[in-house]
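Novice: what's the 3D shape of this:
(one chain, ligands or ions: 1)
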Amino acid sequence: MAARLWFACLTITTAVFYSSAQSPPASRSAPTFYKDVLPILQQHCQTCHRRGEIAPMPLESYLDAKKYAKQIQRMTSSKAMPPWFADPRFGKFSNDPSLTAEQIATIAAWVEAKSPEGNPADAPPPAHWAQGWNIPKPDLVIEMPQPVSLPAHGDVEYTYEIVPTGFTEDKWVQASEIRPSSRDHVHHAVVYIRPPNSKWLRNAPVGRPFTAADMTSEQDLRDALFTDSDMLLVYAPGSSPDNWPEGMAKCIPAGSDLIFQMHYTTNGHAAKDQTAVGIVFSGQPPRQRVLTLQLANHSFVIPPGAPDFRVEVFGTLPNDATLLSFFPHMHLRGKRFEYDVIHADGSIETLLRVNYHFHWQMSYRLAEPRFLTAGTKLKAVGWFDNSRHNPHNPDPEQTVRWGPQTYDEMMVGFFDLAVPANVDKWQYFVRHSPAR
Ligand code: HEC
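Specialist: Numbering: from 1, shown residues only. Purely as a prediction, here's the structure:
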């Protein structure tokens, strides 16, 4: 028995990040909160389960965890928590919060032992969260200049606010995070970078909310929904902030404006929202610049009742680039989403497959960024469930097309690339080497 216990200890201590190789085996017999459970909560749960964040209850103190012990065991054993939707057969992702089998077993053993507290001296150092942020303390917070009033019911058109940055030199963004003030109403938010030479929404008002309906010219109306401007970042519930690897950053050129594009949904309570974006600048100029591109299909027609309707889109990289991350976006009928590379011999390599969940729109960051040469063919595939078996489906009788509201559909595979620091999005699309 003693030998088996030792064996169990060894597998635990080698497989997980909090090692207790120093302690005598007896103390491992029942896991305790401070020694065994709190490190897991800090690393895998508190980004959301702390005061002021998106989860319904904090899991910070012993009392927090003890109160929810049974639910914690249930949600971790079933792998419902932490939320993660990538099919484990494809790709490895650095922001995968999933617990190891050992961690799940540790939590179960702790709950079964009636949640012992243990010795506070065994606790890991407290996690340092910048107050209100999941990135390090921002160097700059840019808020929408005016709050947007949201009605209790009905659709809200996409709402924009333009904010001049006043930057007199190019600025490099290492990390950024979007913080809605009324999170329950934000279905998605995009912060675009409008460089000074861009004509996009040039006739629109600055510093106050407007929608496409306020646009007077046809061109501005079209512009409201379609742009080739680069994005600083996208937010959707459950999404994580951007934090680029060392030596890589997003560029906000001197004189740029930030344009907030807000998609609000109503939920029976009127509210005001004033979303902000927090920015951490790079310590030094990066070697590479991060661009966000997309593979999108706008012309699909999903028949009523279709349970697994497939939509695909192809693209070819105009120049070499390093692929960093993905952010699939669909609406209520979204079911699965996949990104593939099509090799020269026609074989298909799947980089990511997501079992899509409308309430959890996440980014997936490659554990190892992937260098792709000019001419690489990329494919994105989305599957939609328009049947009555989809619990989110607002109306299985409808034929569904692309559109901005959640009862319309979208099929957008955002992805982030790193390119040389002096290349902007427009230059990237100028082909330097012949396509294969
Ligand atoms: C990305 C954010 C996020 C992370 C990380 C996360 N949770 Fe959650 N959790 C939520 C949200 C939001 C809910 C509310 C229910 C829902 O929307 O699914 C929730 C619900 C729960 C519940 C259900 C409460 C109930 O109603 O029964 C438990 C238990 C739970 N989480 C435990 C955990 C544990 C344990 C971890 C870490 C191992 C974790 N969560 C990680 C966001 C998160």
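Novice: For the rest of this, base every contact and every neighbour count on C-alpha atoms.
Specialist: Will do.
Novice: what's near enough to touch the residue of the stretch 301-436 of the chain found nearest the ligand?
Specialist: Shortest the stretch 301-436 of the chain-to-the ligand distance, computed as C-alpha to the nearest ligand atom: residue-wise this is H359, at 7.2 Å. For H359, the contact set (C-alpha atoms under 8 Å, 6 or more residues apart in numbering) comprises P237, G238.
Novice: Give me the pLDDT value at it.
Specialist: Looking at H359, its pLDDT reads 84.
Novice: got the contact list for whichever strand or helix holds V419?
Specialist: For V419, the host element (DSSP states H and E) is strand 412-420. Strand 412-420 has contacts (C-alpha under 8 Å, 6+ apart) with 248, 287-297, 320-330, 339, 380, 428.
Novice: and it, average pLDDT?
Specialist: Averaged across strand 412-420, pLDDT comes to 96.
Novice: before we move on, what about stretch 227-238?
Specialist: Stretch 227-238 shows a mean pLDDT of 86.
Novice: oh, and call the first residue 526 from now on, that's how I've got it
Specialist: Shifting the count to begin at 526 puts that one at stretch 752-763.
Novice: before we move on, the earlier item: so which bits of the strand holding V944 are buried?
Specialist: V937, G938, F939, F940, D941, L942, A943, V944, P945 (16 or more other C-alpha atoms under 10 Å).
Novice: repeat for stretch 727-741
Specialist: A729, V731, R733, P734, F735, T736, A737, M740.
Novice: so is the first one in a helix, a strand, or just coil?
Specialist: Spelled out, that is A729. When classified by DSSP: H, G, I helix; E, B strand; the rest coil, A729 comes out as coil.
Novice: Serialize the buried residues of strand 937-945 to JSON lines and add fields for distance to the ligand.
Specialist: Shown next, in JSON lines, are the buried residues of strand 937-945 (distance: C-alpha to the nearest ligand atom, whole Å):
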{"residue": "V937", "distance to the ligand": "21"}
{"residue": "G938", "distance to the ligand": "20"}
{"residue": "F939", "distance to the ligand": "19"}
{"residue": "F940", "distance to the ligand": "20"}
{"residue": "D941", "distance to the ligand": "21"}
{"residue": "L942", "distance to the ligand": "24"}
{"residue": "A943", "distance to the ligand": "26"}
{"residue": "V944", "distance to the ligand": "29"}
{"residue": "P945", "distance to the ligand": "32"}
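Novice: So how do I select the buried members of the contacts of strand 937-945 in ChimeraX?
Specialist: Here is the ChimeraX command that selects the buried residues among the contacts of strand 937-945 (16+ other C-alpha under 10 Å):
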select :773,813,814,815,816,817,818,819,820,821,822,845,846,847,848,849,850,851,852,853,854,855,864,905,953
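Novice: out of the contacts of strand 937-945, which are inside helices?
Specialist: Secondary structure defined by DSSP state H assigns Y953 of these to helices.
Novice: what's the spacing between the residue of the stretch 826-961 of the chain closest to the ligand and L746?
Specialist: Separation of H884 from L746 (C-alpha to C-alpha, to the nearest Å): 29 Å.
Novice: Next up, the contacts around P721.
Specialist: For P721, the contact set (C-alpha under 8 Å, 6+ apart) comprises A779, G780, S781, D782.
Novice: rerun at 10 Å
Specialist: Shown in contact with P721 (C-alpha atoms under 10 Å, 6 or more residues apart in numbering): P689, P778, A779, G780, S781, D782.
Novice: Narrow those to those that are buried.
Specialist: Buried among the contacts of P721 (16+ other C-alpha under 10 Å): P778, G780, S781, D782.
Novice: Check whether D782 really touches M669, as I assumed.
Specialist: No - assessed by C-alpha atoms under 10 Å, D782 is found out of contact with M669, at 11.7 Å.
Novice: Overlap in contacts, these two.
Specialist: Going by C-alpha under 10 Å, 6+ apart, residues that sit against D782 and also against M669 are I687, V688.
Novice: can I get the buried ones among the contacts of P721 in TSV with distance to N768 and secondary structure?
Specialist: TSV is the format used below for the buried ones among the contacts of P721 (distance: C-alpha to C-alpha, whole Å; DSSP: H, G, I helix; E, B strand; the rest coil):
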residue	distance to N768	secondary structure
P778	19	coil
G780	23	coil
S781	21	coil
D782	21	strand
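Novice: Mind splitting the protein into its structural domains?
Specialist: If you go by automatic domain parsing, the domain ranges for the chain are 527-647, 658-808, 812-961.
Novice: Quick one: distance of the last one to the chain centre.
Specialist: Right, the one you point to is domain 812-961. Chain-centre distance of domain 812-961: 14 Å, with C-alpha atoms, centre = their mean, to the nearest Å.
Novice: what's the answer for the longest one, then?
Specialist: Here the centre of mass of C-alpha atoms in domain 658-808, compared against the chain's by C-alpha atoms, centre = their mean, lies 15 Å away.
Novice: Span of that domain from start to end?
Specialist: Length of domain 658-808, first residue to last, C-alpha to C-alpha: 19 Å.
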